[in-house]
Structure formats: C-alpha cells, structure tokens
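Student: Predicted structure and sequence below. I'll ask about it afterward.
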Amino acid sequence: MLMRWIIFGIGMAGTLHALADWPQFRGPGGDGIYPPAKDGKPHGFSVEWSETENVVWKTPIPGRAWSTPVVMGDQVWVTNANEDGTKMSAVCLAKASGRKIHDLLLFENAEPEPLGNRVNGYGSCSPAIDAERVYIHFGSYGTAALDRATGAVVWQRRDLPCRHFRGPGSSVALYKNTLILTMDGVDVQYLAALDRKTGKTVWKTDRTTDFGDVEAGGKIRGDGDFRKAYSTPAFVTVGGRVQLISPGAKACYGYDADSGKELWKVTYKGYSNAASPVFIDDKMAIINTGLGKAHLLGVRLDDQLTGNVTRSHVEWDVIKRIPTLSSPVVVDGKIYVTSELGVLSRIDPASGKIEESIPLKGNFTASAVHADGHLYCLSEDGEAMVVRLGVPMKIVATNKLDDGFMASPALDGDSLYLRTKSHVYRIGGMP
C-alpha cells in the first residue's frame, strides 16, 4: 500500500505529497483509502452532518460537472462546465473559508457533442494536483496545467483526438513526472503520458482490442458505443516493475508505466467502464467490466503475465450485486462494492464469494471512500450513509443534504469535501 502512495506522490521536484492531501480522483493511493495516521489514532472525520450541522462552509458551483474535488495545502480545486458544454472552467476554493480564489474559463466549444444521458456531465474528469500545479482535463476538449499560486495557464493541449460520445469521463492520474490520460472513444482508444512540466507527449499507446464490430469493407457496425470507456488507471508493482492497470471496453490492460508498452490483457464483454481497479496486496487486481452485465474479476498478478491471460489468470468472476459505475474499495483484505440500487457487499478475495450484503437507501453512482473504520457512501438523492465495517457491517448514520451526489468524496486532515450537483461542502474539522 505504501508503495502505491509513493508512486502517486512523486512531484516535480521528486518530493512526496503529504499523506493528508487528496491529490487526485480516489485519493493519494488511487484506491479510495485515506491513509491511517502514524500514531494509529482516528483522524476525527465527522460521522453525522446536515445542512445545519457540522458544515464548515458551503459554496455554490453552478453548472453540470461531477468531478471529485482535489485538496492540497490551503486549496480545493474542481472542474466545472455549463449545461451545454460550451464553456469549461476550473474553480479554486480557499480550504479555510470556501471563498472562490479562482474561477477560470479555460476552454470554449462551438458545438460540443450532446451527452445523451443523465449520468455524465461535461466536467466529469477529476483534476490532479501537485506542489506547483493543478492539472485540468476535459478529454479531447482540452487539458491544461495551471500555476497553483496565480491560476495562470502554464501549458495546454487541444490536439488529443477522441470522440467521447456522451461526454468525457476518465480522470487524470499522476505517475512520477507524467500525467496519464485515458482516451477511450467510439473512434480511437489510447493512453497518453504527458510531461507535467511541458505538456509534451512522453508516450502514447493504442489499445489493441478486437471489438468484433467491423463489417465487410471496414465499416463499424452500429455507432461505436461498445468501444468507449471512462475508467481511470491505477498502479501496482509486479516483479519489480510498476504496471499501469487500465480497464477499457472489452478488455483490461497492464502496461509498463514508464514506457506505455502493453504487457498483458484480460478480455470480457463489458463496455463504458467507469470503475478504477484496486489491488489485494499487489497479488491480485480487482477489475470491473462495466456496462452490459457487470462482472467483477479477480486477476492474479505474477511475473508470468504476458499476452492474453484471461484463461490463465482470472481466478474468479462475480456477477451478483456488482455495480456498473462505482469503484470497489479494499479494506483489511476484503473487497467492498456498492451497487447502483444501493446494496453494499463484502467479498472474499480468495474465493470471490459475497460474505455479506446490506441495503442502503437510494441510488449510487459515486465511488465510496474509507477512513477511520467507516465507509462513506453517497447517493444520487443527497444522502450519505456512513457504514462501520466489521462483521456484521452496520449503518451508523444517514446524512441528508439539499442536492444529490454524482461526485465521489475527498478527505483531508479531519474534513470531508463533498460535491453535490450544485455546491461544494466542507464537512467537519476546524475552520
């Protein structure tokens, strides 16, 4: 676990982020886990809140954007976009007060492609942050690095093609001195690593997926909907090599994180994947196959991974109560998943069997996070269920805010940062 935090945390000067920061989607390890305190004591995150209780501040962010906040130092950053996607921006809030420090229009689009669904927005890609800069990404509409102190644009790219078809969704990931972008559209599918300092392409790797939809003459059958995906990669060290694990439509890939070279893949039928992979002690990757009928796969990680390892390395395949959108969380060697219909399940990674399930209230798109022995699960109806993990699992609080959640939570110090469809909140902690 510590190795993954180090991989994510190396900044421009080679120093580590403080573990209290939440520098990217799903936190410092990319796994939804807030790292425990060195002294073993609880951080003190709030368990109960409402519009009138334990709210340090509440700041309106009008628009249609579901990105997770990122937190570092005295700043909180989110992406934003208007309802029709013609304007895309970055917003910086003061951590202490919630005051808007920057509201920066970055990209204007004459004819953005319609979303076509209620789930996505034009600002769903979560940003990432390091000691010097914040990295803002809107898929093929544009990517930019901003100076954290001034908000000035350091570099930007608008030349990375991808027809997202229903809006972009993959968040950026940080690895050493690079920014990893995932571009899985109906037309092209690839990953690219950009130099954090200059924005120049370090490597670019095309997916090698056989989608099985090419007709005679080379025409693609249908609209290409089954070729797209929205996942964010994660990193794991196998046999001394750092691998970038990236689920796409019809296949999940393991790449060399430094060169982008494809190492192995697992194939399946799912598409429009949004869930990030997680790991069991760097020995197993937990992969969600996405839409269609969602499967959760346990893929054994070893130094024999090469080529298509679907038959040789998939240890188990679970289809019951598996979400199509939210990411799993691994706590104390157990896997936790929250289905869209609000069923939280604990899965044994050795067998893939569901050990326990409990009903939650509402519908769920956001990925849960863990801290201090509690899982925080946010519903589209604006309710946040706090679940104490153990045997059995127990809901210890249900907290209601005025608007619904599509974005996942961020944590920092002793505060939660929650983004509803209309506001960003700081919950708990000293102002």
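Tutor: Arrived safely, thanks for sending.
Student: Now do the contacts for Y34.
Tutor: Counting by Cβ atoms under 8 Å, 6 or more residues apart in numbering, Y34 touches 22, 27, 43, 45, 369-372, 411. In short, each C-beta sits where N, CA and C put it, glycine included.
Student: Try it again at 6 Å.
Tutor: Contact analysis of Y34 by Cβ atoms under 6 Å, 6 or more residues apart in numbering lists 371, 411.
Student: backbone phi and psi for it, please?
Tutor: Torsion angles at Y34 (phi, psi; degrees, to the nearest 10) stand at phi -90, psi 120.
Student: Distance of it relative to G373?
Tutor: Separation of Y34 from G373 (Cβ to Cβ, to the nearest Å) stands at 11 Å.
Student: Likewise for I61?
Tutor: 31 Å.
Student: between those two, which one's more packed in?
Tutor: I61 (21 against 14; other Cβ atoms under 10 Å).
Student: How about the contacts made by that one?
Tutor: Under the criterion of Cβ under 6 Å, 6+ apart, the contact list for I61 reads 80, 424.
Student: Got the confidence number for it?
Tutor: Looking at I61, its pLDDT reads 96.
Student: Quick check: it vs K219, distance?
Tutor: For I61, the distance to K219 equals 43 Å [Cβ to Cβ].
Student: same check, this time on S140
Tutor: With distances taken as Cβ to Cβ, S140 is found 23 Å from K219.
Student: now K100
Tutor: 49 Å.
Student: Any figure for the gap between the closest residue to Y230 other than its chain neighbours and V188?
Tutor: Nearest residue to Y230 in three dimensions, chain neighbours excluded: G169, at 3.2 Å (Cβ to Cβ, 6 or more residues apart in numbering). According to Cβ to Cβ, G169 and V188 sit 16 Å apart.
Student: Which of those two has more residues huddled nearby?
Tutor: G169 (26 against 15).
Student: How about the secondary structure of the more buried one?
Tutor: coil (DSSP: H, G, I helix; E, B strand; the rest coil).
Student: show me the contacts for it.
Tutor: 120, 124, 230.
Student: now swap in W316 and tell me
Tutor: 298, 352.
Student: repeat for the one 10 residues further on
Tutor: For S326, the contacting residues are 338, 367, by Cβ under 6 Å, 6+ apart.
Student: separation between it and K228?
Tutor: Distance from S326 to K228, by Cβ to Cβ: 18 Å.
Student: hang on, the earlier thing: list only buried entries from the contacts of G169.
Tutor: Among the contacts of G169, those buried by neighbour count (16 or more other Cβ atoms under 10 Å) are 120, 124, 230.
Student: Identify, from those, the entry nearest to Y268.
Tutor: Proximity of those to Y268 (Cβ to Cβ) peaks at Y230, which lies at 15.9 Å.
Student: the more surrounded of K100 and K219?
Tutor: K100 (13 against 8).
Student: Can you give me the distance of the more buried one to D402?
Tutor: Going from K100 to D402 by Cβ to Cβ gives 20 Å.
Student: go on, L344?
Tutor: When distance is defined by Cβ to Cβ, L344 is 24 Å away from D402.
Student: again with P28
Tutor: The value you get for P28 to D402, if Cβ to Cβ is used, is 30 Å.
Student: show me the contacts for T420.
Tutor: The contact partners of T420, by Cβ under 6 Å, 6+ apart, come to 401, 403, 405.
Student: So for it, what's the nearest residue that isn't a sequence neighbour?
Tutor: Counting by Cβ to Cβ, 6+ apart, T420 lies nearest to D403, which is 3.8 Å off, once chain neighbours are set aside.
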